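A.B. asks: Turn this into a structure:
(one chain, ligands or ions: 2)
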Amino acid sequence: MKFLDQAKVYLKSGDGGPGAIAFRREKFIEYGGPDGGNGGRGGDVVIEVVNGLNTLIDYRYKQHFKAQRGNHGMGANRNGARGEDVVLRVPVGTQILDEDQETVLLDLTEPGQRVVILKGGDGGFGNAHYKTPTNRAPRKSHPGWPGEERWVWLRLKLIADTGLLGLPNAGKSTFLAATTAARPKIADYPFTTLAPNLGVVRAGDEEFVIADIPGLIEGAHEGHGLGDRFLGHVERTRVLLHLIDGTAEDVVQSYTTIRNELVAYGGNLADKLEIIGLNKADALLDEEVAEKKAALEAASGAEVMVLSGATGQGVQAVLYRLLTLIKQSKEEEPDVIQAPVTRSIPRAPVGRKMDDEYAGWNEETGEYDDLPEEADDDSDSDGDDWDDEGDDDGDDTEHSGNGDDNAKG
Ligand SMILES: Nc1nc2c(ncn2[C@@H]2O[C@H](COP(=O)(O)OP(=O)(O)OP(=O)(O)O)[C@@H](O)[C@H]2O)c(=O)[nH]1
Ligand SMILES: [Mg+2]
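C.D. replies: Ligands and ions are numbered 1, 2, ... in the order given. From the prediction side, this is the model:
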């Protein structure tokens with residue numbers, strides 16, 4: 001499967017449909033009253049988090065997502081239908097960033113999570129709404145409010161319990177293949193793996209997720225090799241398994257090369273719980289194993305386990321140790337990775353939210369309880385006397401959200 005971990009997309013929620021101007025026309029009723037219904041609400045832009053995806057590759061091919069506009073209101077007080085939502089399906093671990101590529105608007109970490117990122121515009125009032133004691137036949141309707149639009153970045157930061165790190169050829173993919181159902185490409189040349197792979201490990205009755213991160217080399221943080229962009233995927237792991245090719249001349253050098261990259265990347269990467277795996281033990285003599293293990297322990301001050309991904313030697317022990325550390329980390333910092341950051345989304349200056357800025361819509365009656373403030377609305381130049389009466393109905397709701405969207409009309 002192709003992998004893509006960021007994409008820029010254009011989102012637009014639906015405009016509200018216009019209200020209707022209509023009058024009752026029935027036999028024997030001479031002056032039927034106004035009965036133009038309200039326009040329908042525009043569709044929302046919704047982000048849905050789904051399991052089983054681990055790439056944003058779909059968003060390379062489609063970048064524009066527009067929800068439907070609301071339908072026109074109609075005569076006989078029929079309201080227009082709501083516009084259809086547009087839904088973007090994204091993998092767990094996707095963040096939504098503002099156009100600046102820095103401000104995180106949403107961090108989507110829960111499978112099944114659904115977030116309305118842009119709300120559809122409200123439908124406009126039909127003329128039935130504008131009927132007052134002194135104006136029984138208003139020829140006025142509202143055009144509906146525009147939807148919102150904005151460009152955002154989608155950025156995937158995989159969420160896994162364990163991140164598998166090491167120099168190219170350390171045996172990371174072999175380990176992943178030996179312990180999970182994942183089938184990564186394995187070969188005896190560096191940079192075989194070009195994108196992170198996820199696999200689910202079963203240890204006894206328990207499971208955890210492991211991410212095979214493409215090989216790092218010295219200077220990765222300056223762009224050498226594949227660079228360090230994949231290290232972003234390590235940010236959201238609890239425990240690192242740092243694999244070292246035991247057949248390498250200088251295993252301590254291998255170890256410090258990767259550690260330096262973690263430190264240079266910054267964040268909390270270098271502080272994560274870590275197991276060092278002295279790998280390819282099957283290809284080493286016993287005394288080499290002992291010597292290299294001792295050297296690594298001395299250099300790292302951390303725990304070193306001996307294993308062979310190829311023969312399976314020591315692999316189970318590593319898995320159970322990882323599981324223990326994952327649990328320990330969850331107890332110490334339950335929220336570090338999983339807590340969804342759902343900040344309120346800074347809005348683009350267009351559009352209008354029904355719930356907060358304008359609470360006049362009554363879901364039960366399907367009508368607006370309050371009248372919108374339209375004092376500066378130039379559609380009033382039609383000379384009707386609506387504005388003078390507008391606030392006489394005891395409605396002291398200030399629809400302050402109106403100030404900047406007078407472009408409607
Ligand atoms: N003898 C021995 N060889 C191994 C072991 N694990 C992996 N290898 C070999 O080492 C080579 C590299 O293995 P990979 O699993 O592709 O290594 P990697 O760390 O994923 O490499 P990149 O994806 O390039 O970063 C392959 O030829 C493997 O067959 C092991 O435990 N023992
Ligand atoms: Mg690999």
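A.B. asks: does ligand 1 sit close to the helix or strand that contains Lys293?
C.D. replies: For Lys293, the host element (DSSP states H and E) is helix 286-300. No: residues of helix 286-300 are not located near ligand 1 by Cβ under 6 Å from any ligand atom, the shortest gap being 12.3 Å. Placement of C-beta: from N, CA and C, glycine included.
A.B. asks: in that helix, what's buried?
C.D. replies: Lys292, Lys293, Ala295, Leu296, Ala299, Ser300 (16 or more other Cβ atoms under 10 Å).
A.B. asks: show me where the stretch 51-200 of the chain has helices.
C.D. replies: Along the stretch 51-200 of the chain, the segments classed as helices by DSSP state H, counting those that start in this stretch run 58-61, 172-179.
A.B. asks: The very next helix or strand once past the helix holding Lys293: how far from the chain's middle?
C.D. replies: Going down the chain from helix 286-300, the next helix or strand is strand 304-306, by DSSP H and E. Offset of strand 304-306 from its chain centre (Cα atoms, centre = their mean, to the nearest Å): 37 Å.
A.B. asks: Need the winner for burial among the helices of the stretch 51-200 of the chain.
C.D. replies: helix 172-179 (a mean of 23; mean count of other Cβ atoms under 10 Å).
A.B. asks: what about stretch 164-171, average pLDDT?
C.D. replies: For stretch 164-171, mean pLDDT is 90.
A.B. asks: Residue ranges in the stretch 301-409 of the chain under the pLDDT threshold?
C.D. replies: 334-409 (pLDDT under 70).
A.B. asks: how does it look with 80?
C.D. replies: Within the stretch 301-409 of the chain, the segments meeting pLDDT under 80 span 333-409.
A.B. asks: same question, the stretch 1-150 of the chain
C.D. replies: In the stretch 1-150 of the chain, residues with pLDDT under 80: 1-5, 25-32, 52-55, 57.
A.B. asks: Would you list the phi and psi of the residue in the stretch 201-350 of the chain that ligand 2 sits nearest to?
C.D. replies: Nearest residue of the stretch 201-350 of the chain to ligand 2 (Cβ to the ion) works out as Asp212 at 6.0 Å. Torsion angles at Asp212 (phi, psi; degrees, to the nearest 10) stand at phi -90, psi 110.
A.B. asks: between the buried residues of helix 286-300, which is closest to ligand 1?
C.D. replies: Distance to ligand 1 across the buried residues of helix 286-300 (Cβ to the nearest ligand atom) is lowest for Lys292, with 13.9 Å.
A.B. asks: Next, the contact list for Asp282, please.
C.D. replies: By Cβ atoms under 8 Å, 6 or more residues apart in numbering, the contact list for Asp282 reads Ser308, Ala310, Thr311, Gln313.
A.B. asks: helix, strand or coil for the second one?
C.D. replies: Of the three states, Ala310 takes coil according to DSSP: H, G, I helix; E, B strand; the rest coil.
A.B. asks: Quick one: neighbours of it, just the number.
C.D. replies: Number of residues near Ala310 (other Cβ atoms under 10 Å) recorded here: 17.
A.B. asks: Next up, the contacts around it.
C.D. replies: When the contact criterion is Cβ under 8 Å, 6+ apart, the partners of Ala310 are Gly171, Thr174, Ala178, Lys280, Asp282.
A.B. asks: Does Ile186 touch Lys172 like I think?
C.D. replies: No: using Cβ atoms under 8 Å, Ile186 is not in contact with Lys172, being 9.3 Å away.
A.B. asks: Quick check: which of the contacts of Ala310 are also close to ligand 2?
C.D. replies: Residues of the contacts of Ala310 in contact with ligand 2 (Cβ under 5 Å from the ion): none.
A.B. asks: Could you dump those into CSV and include distance to Pro34?
C.D. replies: Output for those, formatted as CSV (distance: Cβ to Cβ, whole Å):
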residue, distance to Pro34
Gly171, 77
Thr174, 76
Ala178, 75
Lys280, 83
Asp282, 86
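A.B. asks: on that earlier part again, could I get the helices of the stretch 51-200 of the chain in a markdown table, plus columns for distance to ligand 1?
C.D. replies: Shown next, in a markdown table, are those (distance: least, Cβ to the nearest ligand atom, whole Å):
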| stretch | distance to ligand 1 |
| --- | --- |
| helix 58-61 | 23 |
| helix 172-179 | 3 |
